[in-house]
Structure formats: C-alpha cells, structure tokens
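*Asks:* need a 3D model of the following:
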Amino acid sequence: MGYLSVGGEHTSEKVIERSRFITTSCHVEGEEQARAFIARISGKFKDATHNCYAYIADSTGNAPRFSDDGEPGGTAGMPILDVIKNKRLFCTAVVVTRYFGGIKLGAGGLVRAYSGCAAENLDGAEKLEYLQCEESAYTVDYGSVDILNRYFSQNDCEVKNIEYSAEVTFTVAVKKELAGSFNAAVFDRLNGRIKIEKLREFECGFKL
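*Replies:* Reported below is the predicted structural model:
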C-alpha cells in the first residue's frame, strides 16, 4: 500500500487583518528531515513573530508533532496538523510564518487563519502517491535495444539511465508490485537474450 504526500516544497502567502502569513509545505521522510526543514524555514524567517508548524513524518501517521511557537495554546500548531490529517497526507511538514500586523485575531480567528493558510497551501501543492519501487539493470546486445526501448515506452516504468559499452545497460525503476510480471514479460519478449540484475528497492512518487 502506498500513501499520499506533497511532491516537494510549496510556498503560499496571504494577508489577514494586516498580519502577513507565509506558508511553506514540504515532503519529508522521517523526523530528522522534518526538523531540518522547520529549522531552515524558521531561520529564513527568523525576524517573524511566529513560525508555527505541524508535521506527520512517517507513512503511518504515528509521528505527529506540532508547535504554536508563542501563539495561544491550541490556536496554531494543532489546527495545521488537523488540516494535514484531514487531507490524508503523510510524510508532510507545514510551517506557517506570521508577521504580526497590529490587529489581534482572537483565539477563533487564529485557528481559522492558521488552518486556512495550511489548507490553501496544501490544495495548491503537487500531490504524489508514494509507492515502493524496484530498480534493476537490464543488459542486452545492440540488436535488442529497439525492442527493449519499445517495451519500456509501452509500460509503466521510468528509464533512469542508459550506458553504452560492449553491451547496452538500461537502469529502470518499476513499481515493486509489478516487478515480477514486468521482468518476466521482458524476458519472454527477448527470448531470454537479456540479463536482469536487481539493484535496489526505494520509495518513489507517482503523479495522481
């Protein structure tokens, strides 16, 4: 099973009652990356009144964290986290930076501001489905290159590299759940005139 997350880093901005809110979201893999992202954004906006954040750092929802960063308790971090949860996103961190504009919003106004900024940002961010992928090396002679190119172009995979030497080696990533049938089909297509070597398993994102 895969999970949904943002595809990279996305920034949005709006002004509410003279306060400037800058929202930054990012795909993170683990708490270390989440904390590093928050530290970087907080450092970038170190002159801001608040850098409130929330994140779910894993693919199961077992590592949620949030901070109000000086705003009244429960008015910033938790509303941001609730938005991440409601959108069913994982491995996602959001920082909402506020430059105070002189008008107090009240507890309800703060909740609406922080949750609204987070929601608008995540709605605008690219979303990907992250799945386990398998990367393999496919080595053939030059006479089989066109057949292999055709097969890859007709199937759900990503050709990451092609190396030309005495033979030609394609480095290709495919969804792990499809790897067995994918490799069997290409082996049959070339009547066994191919060497397939599994290189690694990793997590990769696919556009929805």
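*Asks:* all strands of the chain, in order?
*Replies:* For the chain, strands defined by DSSP state E occupy the ranges 3-6, 9-16, 19-27, 50-56, 64-67, 92-99, 127-140, 158-164, 168-175, 195-207.
*Asks:* now distance to residue 152 too, for those strands, in TSV please.
*Replies:* For every residue, glycine as well, the C-beta is placed using N, CA and C. As requested, the strands of the chain are exported to TSV (distance: least, CB to CB, whole Å):
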stretch	distance to residue 152
strand 3-6	26
strand 9-16	30
strand 19-27	26
strand 50-56	35
strand 64-67	40
strand 92-99	31
strand 127-140	9
strand 158-164	5
strand 168-175	6
strand 195-207	13
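*Asks:* relative to residue 82, which of those is closest?
*Replies:* strand 50-56 (8.3 Å; CB to CB).
*Asks:* each with direction, which strands does that closest one pair with?
*Replies:* Paired strands of strand 50-56, with direction, are strand 64-67 (antiparallel), strand 92-99 (antiparallel) (DSSP bridges).
*Asks:* which strand residues bridge the closest residue to residue 125 other than its chain neighbours?
*Replies:* Computed as CB to CB, 6 or more residues apart in numbering, the closest residue to residue 125 that is not its neighbour in sequence is residue 10, at 3.8 Å. For residue 10, the beta-bridge assignment (DSSP bridges) gives partners residue 25.
*Asks:* what's the answer for the one 5 residues further on, then?
*Replies:* Partner residues in beta bridges with residue 15: residue 20, with DSSP bridges as the criterion.
*Asks:* now the strands paired with strand 50-56 as TSV including distance to residue 147 and mean neighbour count?
*Replies:* Formatted as TSV, these follow (distance: least, CB to CB, whole Å; neighbours: other CB atoms under 10 Å):
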stretch	distance to residue 147	mean neighbour count
strand 64-67	49	18
strand 92-99	41	27
